[in-house]
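S.K.: Sequence first, predicted coordinates after that:
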Amino acid sequence: MASAGSSEEALLQVERDSSSSDDMEEGEVEMKGNGRCFRLKNFLCDPRRWMHRFLLLGLMCFLSFGNYYVFDNPASLQKTILNVMNVDVTQYSLLYSLYSWPNVILSIFGGYLIDRVFGIRLGTIIFSSIICLGQMVFALGAFVDHYWLMVAGRFVFGLGGENLAVAQNNYAVLWFKGKELNMVFGLLLSVSRVGSTVNMNINQKLYDRPFASINPDYVRLGTVLFFGLGFCLLSLGCGVVLGLFDKRAERILQRKKGEGEKISLWDIKDFPLTLWIVFIVCVTYYVAIFPFIGLAVIFLVDKYGFTISQANVVNSLVYLISAGASPVLGFLVDKTGLNLFWLNLGIVMTLGAHAMLAFLGTTQFLPYVAMVLMGVAYSLLACALWPLVAFIMPEHQLGTAYGIMQAVQNLGLAVVPIVAGMIVDRNGYLMLEVFFCAMVCISLIFGILLYVLDSTHGGKLNMTAWARRREEKEAEEKEKEKAESAKKTADILKTGTGPYTSPIPPNSAFQIRNRLLSRMGTKMPEHMAPFNPLTVSYGAHAGLLK
């Protein structure tokens with residue numbers, strides 16, 4: 001019993017012992033009991049440890065899993081929705097257009113709220129809750145056979161979807177800037193695409209098999225959509241846990257909150273030119289990816305003679321390849337740096353893929369090669385592009401910067417599908433591919449311009465990983481020295497002690513009396529003239545008095 005009691009007492013003293021042990025490494029805890037001493041590496045609970053960061057990375061990944069799963073619910077159930085809800089294609093398109101159009105503005109506003117009003121933790125929970133509410137209304141609309149309610153649910157879902165992506169990007173930068181940021185963005189993209197892929201592969205099967213006994217059909221459709229709500233709730237739970245961990249880390253690491261550095265929306269006009277070029281590269285590139293995937297099935301069937309099933313497999317290669325390649329390519333960009341080089345390489349590879357589909361023959365292996373190449377390029381560009389915002393902007397403005405980036409992207413994704421549909425109706429798929437090639441060429445031009453501008457300003461965006469780490473280390477050391485100097489100055493002013501003393505010696509009682517008598521008009525002997533410590537040394541004055 002004594003042994004057990006001493007062991008329990010030792011465990012209770014863990015934290016006090018660890019704080020008083022100066023010779024221990026960070027994250028190690030010294031435990032003493034029964035004459036024994038051993039150390040415990042606290043990898044998972046110490047926010048300074050890499051394992052703790054990657055624990056939080058898992059939560060960040062699943063933070064958007066539910067969002068991406070339910071976003072493509074209409075696509076995975078397109079034929080079912082058209083038949084069961086008795087709507088045409090134009091009405092069906094509202095489920096996507098009402099998501100993209102509001103986010104042209106809401107992404108900026110949401111980023112502003114994250115930066116200035118809610119903060120990253122509360123903002124994440126609020127936007128995750130909005131996604132859950134939107135999916136619930138969407139599923140309820142199908143369950144009660146009211147299509148207008150489904151459309152309203154997609155609108156509510158759109159209010160939170162892009163804003164949650166902004167919060168997720170902020171979390172990634174907060175925890176991984178200067179470490180594995182490029183790989184992290186790649187992994188976040190990969191898990192997001194896994195959510196889309198899972199949705200595409202199971203929703204129609206759920207409707208056809210496990211829920212086949214549920215009648216009528218619109219109730220069965222609503223049940224399948226309520227299944228997606230479960231993934232949204234999972235993501236909300238990840239957001240809550242992530243916020244608790246981040247609050248704890250802020251206290252332990254004594255993270256600065258950036259008070260006095262809050263962004264104003266008027267500061268947008270002062271964003272650097274390089275940031276606006278990054279936005280242009282983003283929108284001109286992504287409008288050649290997502291709208292193409294949305295229209296590629298019929299194109300592959302018409303040009304290469306695939307069946308619908310084969311065309312779906314080929315079309316899914318972009319997401320499948322990006323899901324596997326993104327973490328690997330992100331790790332590559334992390335270890336090498338040179339973000340602008342990889343950015344432009346990804347654009348060139350995408351241009352090659354579109355050119356193959358547009359101008360080469362009708363051999364069936366060509367689409368496989370082109371789509372695999374596009375998937376690798378898409379992953380590479382994402383790993384190199386999104387961290388650039390963190391290299392350009394200070395941390396307190398990242399939410400707004402990423403919000404604008406998301407807004408510009410949504411603007412392109414709202415307009416270009418309409419333009420692409422008009423091109424197909426009037427000129428066919430060849431001209432559509434020429435249009436996509438033109439958009440990628442514009443992206444490449446601005447990518448090269450970004451490289452030139454960065455080179456003339458020190459090459460900060462295209463640094464090697466080693467040079468970037470050295471620069472960040474030097475900045476941290478300067479900040480530490482500045483903080484130590486400010487602390488010493490504050491201690492001196494507070495206590496009146498320190499290595500520095502006033503150059504003016506204090507007056508004695510004798511000197512103060514003589515100065516008072518002089519000001520009263522009393523005639524003083526010459527040897528008792530008022531003493532001015534600024535002009536006469538104390539030693540000389542003492543000699544006069546003698």
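M.R.: Arrived safely. Not measured: the values here are computed from a predicted model. Numbering: from 1, shown residues only.
S.K.: Next one: the closest residue to Leu430 other than its chain neighbours, what pLDDT does it get?
M.R.: Leaving aside its chain neighbours, Leu430 sits nearest to Ala358 (6.4 Å; criterion: C-beta to C-beta, 6 or more residues apart in numbering). Glycine gets a C-beta too; all of them are placed from N, C-alpha and C. pLDDT for Ala358: 89.
S.K.: Tell me the gap between the helix or strand hosting Ala358 and the middle of its chain.
M.R.: If you go by DSSP states H and E, Ala358 is part of helix 339-359. Here helix 339-359 is found 25 Å from its chain centre; the criterion is C-alpha atoms, centre = their mean, to the nearest Å.
S.K.: helices and strands around it, which ones?
M.R.: Applying 3 or more C-beta pairs under 8 Å, 6 or more residues apart in numbering; DSSP states H and E, we find helix 339-359 packed against helix 273-286, helix 317-336, helix 365-385, helix 387-392, helix 429-456.
S.K.: Just put the ones you listed in CSV and tack on distance to Met200, mean neighbour count and mean pLDDT.
M.R.: Formatted as CSV, those follow (distance: least, C-beta to C-beta, whole Å; neighbours: other C-beta atoms under 10 Å; pLDDT from 0 to 100):
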stretch, distance to Met200, mean neighbour count, mean pLDDT
helix 273-286, 19, 20, 94
helix 317-336, 8, 20, 83
helix 365-385, 15, 23, 91
helix 387-392, 28, 22, 88
helix 429-456, 22, 18, 93
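S.K.: which one of those lies closest to Ala407?
M.R.: For Ala407, the closest of the helices and strands packed on helix 339-359 is helix 273-286, at 9.0 Å, according to C-beta to C-beta.
S.K.: Now do the following helix or strand past the closest one against helix 365-385, angle only.
M.R.: Using DSSP H and E, the helix or strand that follows helix 273-286 in sequence is helix 290-304. Angle between the axes of helix 290-304 and helix 365-385 is 170 degrees (criterion: axes from the mean of the first three to the mean of the last three C-alpha atoms, to 10 degrees).
S.K.: can you give me how far stretch 383-400 is from the chain middle?
M.R.: Distance of stretch 383-400 from its chain centroid, counting by C-alpha atoms, centre = their mean, is 8 Å.
S.K.: Using PDB, list the CA coordinates for it.
M.R.: C-alpha atoms of stretch 383-400 as PDB (Å, rounded to 0.1, in the frame of the first residue of the first chain):
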ATOM      1  CA  CYS A 383       0.300  21.900 -53.300                       C
ATOM      2  CA  ALA A 384       2.300  24.900 -54.700                       C
ATOM      3  CA  LEU A 385      -0.400  27.500 -55.100                       C
ATOM      4  CA  TRP A 386      -2.400  27.700 -51.900                       C
ATOM      5  CA  PRO A 387       0.600  28.100 -49.500                       C
ATOM      6  CA  LEU A 388       1.700  31.200 -51.500                       C
ATOM      7  CA  VAL A 389      -1.000  33.300 -49.800                       C
ATOM      8  CA  ALA A 390       0.700  32.500 -46.400                       C
ATOM      9  CA  PHE A 391       4.100  33.600 -47.800                       C
ATOM     10  CA  ILE A 392       2.700  36.900 -49.000                       C
ATOM     11  CA  MET A 393       0.200  38.000 -46.300                       C
ATOM     12  CA  PRO A 394       0.700  38.400 -42.500                       C
ATOM     13  CA  GLU A 395      -1.200  35.900 -40.400                       C
ATOM     14  CA  HIS A 396      -3.900  38.300 -39.100                       C
ATOM     15  CA  GLN A 397      -5.000  38.900 -42.800                       C
ATOM     16  CA  LEU A 398      -4.900  35.300 -44.000                       C
ATOM     17  CA  GLY A 399      -8.700  34.700 -43.400                       C
ATOM     18  CA  THR A 400      -9.600  37.600 -45.600                       C
END
